[in-house]
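Colleague: Got a predicted model here, sequence first, then my questions.
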2 protein chains.
Amino acid sequence: MESVGNTKGRRERLRSETTAEIKKVALELMASGGPDAITLRAIAREMGMTANAIYGYFATRDDLVTTLINNVYTSLADTVDAAWDAAPAQDPAVRIQAWARAFRDWALANPEGFRLIYGDPVPGYRPPEGGAAPEAARRVCTGITALAAAAWPHAELRYSDGDFEWSDFDLGLLDKVRPAFPDLPPAAVALALRIWSHLHGLVSLEIYGHLQTQALSPEKLFREELAQLIRSLDIPPQS
Amino acid sequence: MESVGNTKGRRERLRSETTAEIKKVALELMASGGPDAITLRAIAREMGMTANAIYGYFATRDDLVTTLINNVYTSLADTVDAAWDAAPAQDPAVRIQAWARAFRDWALANPEGFRLIYGDPVPGYRPPEGGAAPEAARRVCTGITALAAAAWPHAELRYSDGDFEWSDFDLGLLDKVRPAFPDLPPAAVALALRIWSHLHGLVSLEIYGHLQTQALSPEKLFREELAQLIRSLDIPPQS
DNA sequence: TACATAAACTATACGGCGTGAAGTATTTAT
DNA sequence: ATAAATACTTCACGCCGTATAGTTTATGTA
């Protein structure tokens, strides 16, 4: 009965350490060999265990992948949130740029993670219904909504039409967005989603190499995209 | 020595028929079970053959997938090209809309094909260096360049800066683009690529379901994106 | 028409994968 | 000291791509 104080906690500690090592090794395998390299057998081999031992920690391989996705997605969300917070609140243009650059930089630094999150990452893997991944997705989207909200006072005139309604959007998203930005109309959320798709689209093409056969300087293209984005939001300089 | 006239051609014909059937079955499997379902054994099973028999037609599974990608990519390129040609040349806005809608409609009708082309389609598959896929990619990109070229007279003022140079783009692309549009500056190609990334990004998010946890009406979002795109190109109505 | 040849296909096998069932050793709790 | 829980292994099954060798069938030539 836990006489010393850590007798009971020992197994638990070992257990969480092993869990952490499994995830660590899986991420290393992913980094070196792509998402396809995440196999229970390879992880076990790396750890000097049997593949079946992992079943004591994760019910299936998909469960492990789901956990990894959650971790990676959270890391992305943390990164872009931090960049947003670090940028000066007075200047929306700078802030938006900071957010977008953080997103692209993260993707370029973690291409495998990007594919894990946004691609068809692992052979046969299908994401579960709920869980932390949609949560993190909404967190990222909320970040963009903050971005759109910061620009909305200036951009409103240009984007206020389009007859969007609240019912056009996912409730799980709105539950996060509306309390945070009570005055934002549906059109602003639509704008946020479109900004999101622009950034995602360009970075996605770059990460997957589909841009490579066309543009040799994705950086320049991204810079131009950002410049046009900010211009299209009608943000006055030094707001 | 081909005495009758078709004696020699028979084997060849049977061969090409079998090749066609392999591709057909593979595409059916992909349509029903996703890109992961493309396995030599499943194809052979469906055809009443041994998996190894396929090696007489395709050197490896990756070779088969590459061929499929080429076929599917070509079908996409044909579709958008046809939509472009069918739209009235006098009205760039309508033409651009036709192109974009054709792209999205094709993607929605062939989601598995879309993933095959633009995703991380099949376990462990890595595309070869050259081949028809980059070719088709450039064909699609050329289509967008035509789109940008049609709008350039009006959009020039807004996008002519950005200090792009020809060296920023892939030679294989420029070889197709520059002869077709001799007067187009580098900035217009950059604009084309950005338009491409916008459309691709939105459709990609929709196809992969990453939009589902956020927007319930991708159609409306796409319509708005198109409207803003055309507006941002400064195309006067009824040009 | 007989025969050599080439093509199409099968059989067998290897290693890798996820995973289920059963067994073993070690640690913990009573 | 003993019973229970935990961590892990062993074995097995069916899936995969693919290499090698063997077999059947169609073809071109003498």
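Modeller: Everything's here; your move.
Colleague: and stretch A:172-184, how far out from the chain's middle?
Modeller: In this view, stretch A:172-184 has its centroid 19 Å away from the chain centroid, taken as CA atoms, centre = their mean, to the nearest Å.
Colleague: Can I get it in PDB? Just the C-alpha atoms.
Modeller: What follows is the C-alpha trace of stretch A:172-184 in PDB, where atoms were taken according to Å, rounded to 0.1, in the frame of the first residue of the first chain:
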ATOM      1  CA  GLY A 172     -17.600  22.400 -32.700                       C
ATOM      2  CA  LEU A 173     -15.800  25.200 -34.500                       C
ATOM      3  CA  LEU A 174     -18.400  27.900 -33.700                       C
ATOM      4  CA  ASP A 175     -18.400  26.900 -30.000                       C
ATOM      5  CA  LYS A 176     -14.800  28.000 -29.900                       C
ATOM      6  CA  VAL A 177     -15.000  30.900 -32.200                       C
ATOM      7  CA  ARG A 178     -18.200  32.800 -31.300                       C
ATOM      8  CA  PRO A 179     -17.400  33.200 -27.600                       C
ATOM      9  CA  ALA A 180     -13.900  34.400 -28.500                       C
ATOM     10  CA  PHE A 181     -15.100  36.800 -31.100                       C
ATOM     11  CA  PRO A 182     -18.700  37.700 -30.300                       C
ATOM     12  CA  ASP A 183     -19.100  40.400 -32.900                       C
ATOM     13  CA  LEU A 184     -17.800  38.500 -35.800                       C
END
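Colleague: Averaged pLDDT, that stretch. What do you get?
Modeller: What stretch A:172-184 shows for mean pLDDT is 91.
Colleague: For that stretch, list every residue counted as buried.
Modeller: Burial within stretch A:172-184, assessed by neighbour count using 16 or more other CB atoms under 10 Å in any protein chain shown, is assigned to A:172, A:173, A:174, A:176, A:177, A:181, A:184. C-beta here means a position set from N, CA and C on the backbone, and glycine is covered the same way.
Colleague: Mind listing residues that contact the helix or strand harbouring the first one?
Modeller: Spelled out, it's residue A:172. Assigning secondary structure by DSSP states H and E places residue A:172 in helix A:171-180. Contact partners of helix A:171-180, identified using CB atoms under 8 Å, 6 or more residues apart in numbering or on different chains, comprise A:134, A:138, A:139, A:141, A:142, A:145, A:146, A:166, A:184, A:189, B:213, B:214.
Colleague: isn't the second one right next to residue B:214, touching?
Modeller: So that's residue A:138. Yes - in this structure, residue A:138 sits in contact with residue B:214. The criterion is CB atoms under 8 Å, and the distance is 6.9 Å.
Colleague: Find residues that contact each of the two.
Modeller: Overlap of the contact sets of residue A:138 and residue B:214 (by CB under 8 Å, 6+ apart) consists of A:170, A:173.
Colleague: who has more neighbours, those two?
Modeller: Set side by side, residue A:138 and residue B:214 give different neighbour counts by other CB atoms under 10 Å in any protein chain shown, the larger being at residue B:214 (27 against 21).
Colleague: Look up phi and psi at the more buried one.
Modeller: Comment: the main-chain dihedrals of residue B:214 come out as phi -130, psi -50, following degrees, to the nearest 10.
Colleague: what's near enough to touch whichever residue of chain A sits closest to DNA strand D?
Modeller: Minimum separation of chain A from DNA strand D (CB to the nearest atom of the strand) falls at residue A:50, amounting to 3.1 Å. Shown here is residue A:50, whose contacts under the criterion CB under 8 Å, 6+ apart are residue A:44.
Colleague: hmm, back to that, just the buried residues of stretch A:172-184 now: which is nearest DNA strand C?
Modeller: For the buried residues of stretch A:172-184, the minimum distance to DNA strand C (CB to the nearest atom of the strand) is 27.4 Å, reached by residue A:172.
Colleague: Once you drop chain neighbours, what's closest to residue A:114?
Modeller: What sits nearest to residue A:114 in space, not counting adjacent residues and going by CB to CB, 6 or more residues apart in numbering or on different chains, is residue A:107, at 4.5 Å.
Colleague: let me redo that: residue A:54
Modeller: Leaving out its chain neighbours, residue A:54 is closest to residue A:40 (CB to CB, 6+ apart), at 5.1 Å.
Colleague: Could you measure from that neighbour over to chain B?
Modeller: When distance is defined by CB to the nearest CB, to the nearest Å, residue A:40 is 15 Å away from chain B.
Colleague: just residue A:163 next, same as before
Modeller: Between residue A:163 and chain B the computed distance is 8 Å (CB to the nearest CB).
Colleague: Now do the phi/psi pair for residue A:213.
Modeller: phi -80, psi 10.
Colleague: Hmm, residue B:138 and it touching each other?
Modeller: Yes - with contact defined as CB under 8 Å, residue A:213 reaches residue B:138; the gap is 6.5 Å.
Colleague: Next, show the common contact partners of the two.
Modeller: Both residue A:213 and residue B:138 are in contact with B:170, B:172, B:173, where contact means CB under 8 Å, 6+ apart.
Colleague: show me which of these neighbour DNA strand C.
Modeller: Applying CB under 7 Å from any atom of the strand to these, one finds that nothing falls near DNA strand C.
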